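K.L.:
Build me a model:
(one chain, ligands or ions: 2)
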Amino acid sequence: MDPLADLDMTRRGLLMGTAATVALTVGSLPMPARAATGEPAPQPVASPVTATVSFTVNGTAHDLALDTRTTLLDALREHLHLTGPKKGCDHGQCGACTVIVDGRRINSCLSLAVMHQGDRITTIEGLGTPDKLHPMQAAFVKHDGYQCGYCTPGQICSAVAVLKEIEDGIPSHATADLTARPRLTADELRERMSGNICRCGAYSNIVDAITEVAGREA
Ligand code: FES
Ligand code: FES
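P.N.:
Numbering: from 1, shown residues only. Ligands and ions are numbered 1, 2, ... in the order given. Just a heads-up that it's a prediction; the model follows:
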């Protein structure tokens with residue numbers, strides 16, 4: 001073994017050991033002793049700012065006093081115990097949290113609850129019931145449009161809103177003719193549903209389910 005390399009390793013070990021000891025010692029010092037080290041004293045935690053927000057969820061009016069930082073997703077899941085909207089990424093990337101607000105779909109993880117004063121919100125729980133499924137829910141079951149089901153509430157809310165977008169003539173990135181009403185092609189559907197990720201890869205069956213409902217409604 002090279003004695004110089006040996007010496008270098010010993011010095012490095014000594015430095016790391018010393019740094020760890022200092023960190024442990026400072027962490028356990030009482031406050032006045034900490035101040036003597038120059039470390040800033042921890043600030044007292046401020047109480048959260050709260051506000052009351054009133055909205056309608058699945059036809060029921062709610063008034064909630066919430067921390068203003070609460071997302072709509074957390075308000076629905078944690079305060080109203082509607083666990084249909086799922087928290088997948090919490091970053092607007094997966095679509096598992098999709099709900100319908102005044103007829104338009106949104107990622108509820110990206111929206112603060114206090115921004116929805118007076119809004120009408122629909123989650124998967126408000127679309128249909130186990131005895132009387134919404135046509136889109138029934139089509140997903142029929143076409144096997146899911147496996148684990150985690151993304152499914154968001155997929156179905158999105159699909160319902162997509163049909164409304166097409167009916168309203170709203171073009172997408174895949175619409176070739178912006179002056180005509182969009183046609184419900186597989187490309188159009190895949191583009192519009194691209195914000196809803198399915199880790200189980202049920203995409204083809206999801207397109208079949210939406211196409212069937214669209215055909216019935218056309
Ligand atoms: Fe909202 Fe993923 S949880 S987009
Ligand atoms: Fe499992 Fe879509 S059904 S993630």
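K.L.:
Can you name the residues that contact the nearest residue to Arg105 once chain neighbours are set aside?
P.N.:
Spatial nearest neighbour of Arg105, chain neighbours left out: Ala161 (3.8 Å); criterion: C-beta to C-beta, 6 or more residues apart in numbering. (Each C-beta comes from the backbone N, C-alpha and C, glycine too.) Under the criterion of C-beta atoms under 8 Å, 6 or more residues apart in numbering, the contact list for Ala161 reads 98, 100, 103-105.
K.L.:
Now rank the residues you listed by neighbours and give me the top one.
P.N.:
Highest neighbour count within these, by other C-beta atoms under 10 Å: Thr98, with 28 neighbours.
K.L.:
Would you confirm that that residue contacts Ser158?
P.N.:
Yes. Judged on C-beta atoms under 8 Å, Thr98 makes contact with Ser158 at a distance of 4.8 Å.
K.L.:
who touches both of the two?
P.N.:
105, 195-196.
K.L.:
tell me the SS of Ala174?
P.N.:
Following DSSP: H, G, I helix; E, B strand; the rest coil, we place Ala174 in the coil state.
K.L.:
ok, Ile106 - contacts?
P.N.:
Contacts of Ile106 (C-beta under 8 Å, 6+ apart): 72, 98-100.
K.L.:
How about whichever strand or helix holds it and ligand 1, any contact?
P.N.:
According to DSSP states H and E, Ile106 maps onto strand 104-107. Yes. Using C-beta under 6 Å from any ligand atom, strand 104-107 reaches ligand 1 at Asn107.
K.L.:
Kindly spell out which helices and strands sit in contact with the helix or strand that that strand is followed by.
P.N.:
Next along the chain after strand 104-107, taking DSSP H and E as the criterion, comes strand 120-122. Secondary-structure packing of strand 120-122 (3 or more C-beta pairs under 8 Å, 6 or more residues apart in numbering; DSSP states H and E): strand 50-57, strand 98-101.
K.L.:
Tell me which of the ones you listed is the most buried.
P.N.:
Burial of these is given as mean neighbour count (mean count of other C-beta atoms under 10 Å); strand 98-101 ranks first at a mean of 24.
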